[in-house]
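*Asks:* below is the sequence, then the predicted model.
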Amino acid sequence: MSTPFYVSPQQAMADRAEYARKGIARGRSLVVLQYADGIVFVGENPSRALHKFSEIYDRIGFAAAGKYNEYENLRIGGVRYADLRGYTYDRDDVTARGLANVYAQTLGTIFSSAAEKPYEVELVVAEVGETPEGDQIYRLPHDGSIVDEHGSVAVGGSAEQISGFLDREHQEGMSLAEALKLAVRALSRDTNGTEREIPAERLEVAVLDRTRPQSRKFKRIVGRQLARLLETGGASTEAESSEEE
């Protein structure tokens, strides 16, 4: 009888992590960054049916890179958790931190289980506060760890390069148009530093806007509103854009 092939636990976990990272790297990158009135989500996504960004609850948004069917299952689970907690207790008890903890437990359990492959996803959970100081952004890699981010975060294929660019260029108090243009510049940079053009119709953009009078702060930016923000970026343009919604 042949001796079973032995793989150390450390090597097994390293192999699973490498498998997940390669799967995530095949997907397009996305960025989430703070601006003066909230948090903006920007990603290159030619599909109008398969969204990378979604609303989870009143002030909470969800972004994901990687395998669609896997992060869609996580998104649905997050919505169910938020609805149940808000109904059982209070709507204010539904927080991005609590949701991030739930996702971390799920991803961590799947990653450490030898019975199934790790999820090829990387998540961002963001919550807009009453003031910029109250904004929360959490990044959750494939292994279920939680990273508390500030200002900006990138996930997906070129996340490391994009994050470096955003760290240098992002500033507090940026307008929505300025933050949007910065995000597009970051996404359009190739590995050699040159920029390519990403047309507006290939962008998926959403915001958590703290200035919205209704309790639900999430909204998508599409069509003429998106085109105007990309073209001019003036203060009057942003006012006109908010009136469309």
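*Replies:* Sure thing, it's come through.
*Asks:* make it CA atoms for all contacts and neighbour counts henceforth
*Replies:* OK.
*Asks:* spatially, what comes nearest to residue 99 if we skip its sequence neighbours?
*Replies:* residue 78 (6.7 Å; C-alpha to C-alpha, 6 or more residues apart in numbering).
*Asks:* phi and psi next, for that neighbour.
*Replies:* Phi and psi for residue 78, reported as degrees, to the nearest 10, are phi -70, psi -40.
*Asks:* would you check that it makes contact with residue 55?
*Replies:* No - at 10.0 Å, residue 78 does not count as touching residue 55 under the criterion of C-alpha atoms under 8 Å.
*Asks:* which one's more surrounded, the two?
*Replies:* Higher neighbour count among residue 78 and residue 55: residue 55, with 23 against 20, using other C-alpha atoms under 10 Å.
*Asks:* in a strand, the more buried one, correct?
*Replies:* Yes - per DSSP: H, G, I helix; E, B strand; the rest coil, residue 55 lies within a strand segment.
*Asks:* re earlier: any idea how far the residue nearest to residue 99 is from residue 230?
*Replies:* 32 Å (C-alpha to C-alpha, to the nearest Å).
*Asks:* any low-confidence regions in the chain?
*Replies:* Within the chain, the segments meeting pLDDT under 70 span 1-6, 190-194, 232-245.
*Asks:* of all residues in it, which one is nearest the centre?
*Replies:* Centroid-nearest residue in the chain: residue 63, 2.9 Å away (criterion: C-alpha atoms, centre = their mean).
*Asks:* and the strands in the protein?
*Replies:* Secondary structure of the chain, counting by DSSP state E: strands at 30-35, 38-44, 53-57, 60-66, 121-127, 136-140, 147-149, 152-155, 203-209, 218-221.
*Asks:* of those strands, which is nearest residue 99?
*Replies:* strand 121-127 (7.7 Å; C-alpha to C-alpha).
*Asks:* now do the closest one against strand 203-209, angle only.
*Replies:* Angle of strand 121-127 versus strand 203-209, following axes from the mean of the first three to the mean of the last three C-alpha atoms, to 10 degrees, is 30 degrees.
*Asks:* so how far is strand 121-127 from its chain's centroid?
*Replies:* Averaging C-alpha positions (C-alpha atoms, centre = their mean, to the nearest Å) puts strand 121-127 5 Å from its chain's average.
*Asks:* list of residues touching stretch 148-168?
*Replies:* For stretch 148-168, contacts defined as C-alpha atoms under 8 Å, 6 or more residues apart in numbering pick out 24-34, 64-66, 122-123, 136-139, 170-172, 182-183, 186-187, 189, 191.
*Asks:* pretty sure the residue nearest to the centre of the chain contacts residue 56?
*Replies:* No - between residue 63 and residue 56 there is no contact under C-alpha under 8 Å: 10.0 Å.
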